[in-house]
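Trainee: whatever this is, show me its structure:
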Amino acid sequence: MKRFAGIFTPIVTPFRNDELDEAGLRSNVAQWMRTPLHGLVVLGSNGEAPQLDDDEADRAIATVREGVPRDKIVIAGTGRESTKATVAATRRAGAMGVDAVLVRTPSFFKSQMTSDIFVRHYTEVADASPVPVLLYNVTMFTGVNLLPEAVERLAEHPNIAGMKDSGTDVAQITEYVNRTPDDFIVLAGAAPTLFLSFCAGCDGAILAVAGVLPELCVELWQAVRSNRIAEGRELQRRLLPIARSVGSVYGVAGLKAALDLLGFAGGAPRPPLRPASPQIVDTLRAQLAEVGRLKPAPAT
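Mentor: Numbers count the residues shown, from 1 in each chain. I've put the predicted structure just below:
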C-alpha cells in the first residue's frame with residue numbers, strides 16, 4: 001500500500017478553560033489508536049488550527065506524536081499565510097517527528113492567489129521541508145481553489161507526496177487523479193461524496209467522521225478497493241447523516257459534541273465558535289444510536 005494511503009481523521013483540539021488540554025488530547029489519541037485508522041492529522045481544520053498560537057500548536061503536535069506508534073502515520077497541519085511562516089512551522093513539525101505535513105493554501109489575498117503563486121509557495125515549502133508535503137485544498141474555508149493544472153506541476157516535486165481536497169467536485173478530484181503520477185496520493189475530505197471519490201481513484205481520506213465512526217469509514221474504503229460496489233454504496237448511506245452533522249451542518253462544535261457522547265475529550269470549541277446546543281446534541285445522539293455507536297436515549 002502507498003505510504004499515505006488509507007483513512008485518517010483530523011483530530012479535534014480539546015481545551016480546558018480555553019487552554020490546551022494536553023491530558024484530554026493524550027487520552028483521545030490512545031482511544032483512536034485502538035481503532036483501524038491508519039493515522040491521525042493534528043492541526044487540521046477540525047483541530048481549530050487557525051485558533052492556536054505557535055506554542056500551543058507545537059505542544060499539540062508533540063503530544064500526538066508521543067502517543068502514536070511508529071507503524072501509524074502522524075500528519076501535522078502547518079499552513080500559514082506567508083511562505084516564511086509556513087516553512088518555519090513545517091520545520092518545527094518535522095523536528096518533532098511527524099511523517100508528513102498538510103499545508104493549506106494561503107488565502108487572505110484571494111484575488112492574487114493564482115496557480116503560479118501557489119506553485120511557487122508550495123515549491124519553496126517543499127524545498128525546505130524535512131518531511132513529505134501534502135497539499136491541502138479547502139475552498140469552503142479559504143475561498144480559493146487549487147486547480148488541477150497547479151497540482152499537476154507540483155506533483156513533479158520529489159518532496160510533494162500528495163494532497164487532500166475537501167470539496168465535493170468529483171470531476172475536479174478525478175482530474176487530480178488523472179493528471180498526477182501513480183505514486184501521488186489523492187485523499188478525499190468530503191464525506192457526502194466519499195464513495196464517489198473512492199470510485200474516482202482516491203487513495204484514502206481525511207475525514208472528521210472517521211474520528212466518530214472509524215470502523216465504518218475503513219470498511220467503506222476497503223469495499224471500494226475490493227470492487228464490492230453495492231456494499232460500498234450501502235456503507236455510504238449509513239455514514240451520511242452523522243457525517244453531515246459533524247461536517248458541514250454543525251461543524252467543529254458538532255464534531256466535539258459527538259466525541260463527548262462517545263467518551264472522548266471533545267469539549268467546547270475556542271471562541272468565537274460556540275458549543276453545540278442541547279438540541280444539536282440530541283440529534284447527534286439519535287444519529288449515533290442509529291448506526292449502533294450509542295444506545296438509544298430512553299423514552300420520556
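Trainee: which SS state does Leu135 fall under?
Mentor: Under DSSP: H, G, I helix; E, B strand; the rest coil, Leu135 falls in the strand class.
Trainee: now it. Nearest residue, chain neighbours left out?
Mentor: Distances taken as CB to CB, 6 or more residues apart in numbering put Met163 closest to Leu135, at 3.8 Å, once the chain neighbours are dropped. Where C-beta positions appear, they are placed from N, C-alpha and C, glycine not excepted.
Trainee: who are the contact partners of the one you found?
Mentor: Contacts for Met163 (CB atoms under 8 Å, 6 or more residues apart in numbering) come out as 134-137, 146, 151, 176, 184-187.
Trainee: so it is in which element?
Mentor: Using DSSP states H and E, Met163 maps to strand 160-165.
Trainee: could you list the low-pLDDT ranges of the stretch 1-150 of the chain?
Mentor: Along the stretch 1-150 of the chain, no part satisfies pLDDT under 70.
Trainee: just the strands in it please.
Mentor: For the stretch 1-150 of the chain, the strands defined by DSSP state E, counting those that start in this stretch occupy 6-10, 15-16, 19-20, 39-42, 73-77, 100-104, 133-137.
Trainee: out of the ones you listed, nearest to Ala210?
Mentor: Closest of the strands of the stretch 1-150 of the chain to Ala210 is strand 6-10, at 4.0 Å (criterion: CB to CB).
Trainee: sheet-wise, list the partners of the closest one with their directions.
Mentor: In the sheet, strand 6-10 lines up against strand 39-42 (parallel), strand 204-206 (parallel) (DSSP bridges).
Trainee: quick one: which of these is nearest Lys256?
Mentor: Lys256 lies closest, by CB to CB, to one member of the strands paired with strand 6-10: strand 39-42, at 15.2 Å.
Trainee: output the closest one as CSV, nothing but the C-alphas.
Mentor: Provided in CSV are the C-alpha atoms of strand 39-42 (Å, rounded to 0.1, in the frame of the first residue of the first chain):
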residue,chain,number,x,y,z
GLY,A,39,-3.1,7.6,11.3
LEU,A,40,-4.1,11.0,12.7
VAL,A,41,-4.0,14.6,11.4
VAL,A,42,-3.2,17.1,14.1
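Trainee: picking that back up, distance to Arg274 and mean neighbour count added to the strands of the stretch 1-150 of the chain, as TSV?
Mentor: Formatted as TSV, those follow (distance: least, CB to CB, whole Å; neighbours: other CB atoms under 10 Å):
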stretch	distance to Arg274	mean neighbour count
strand 6-10	20	26
strand 15-16	13	18
strand 19-20	18	14
strand 39-42	23	26
strand 73-77	23	26
strand 100-104	23	27
strand 133-137	26	25
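Trainee: closest to Pro241 out of those?
Mentor: Taking CB to CB, strand 6-10 is the member of the strands of the stretch 1-150 of the chain nearest to Pro241, at 17.9 Å.
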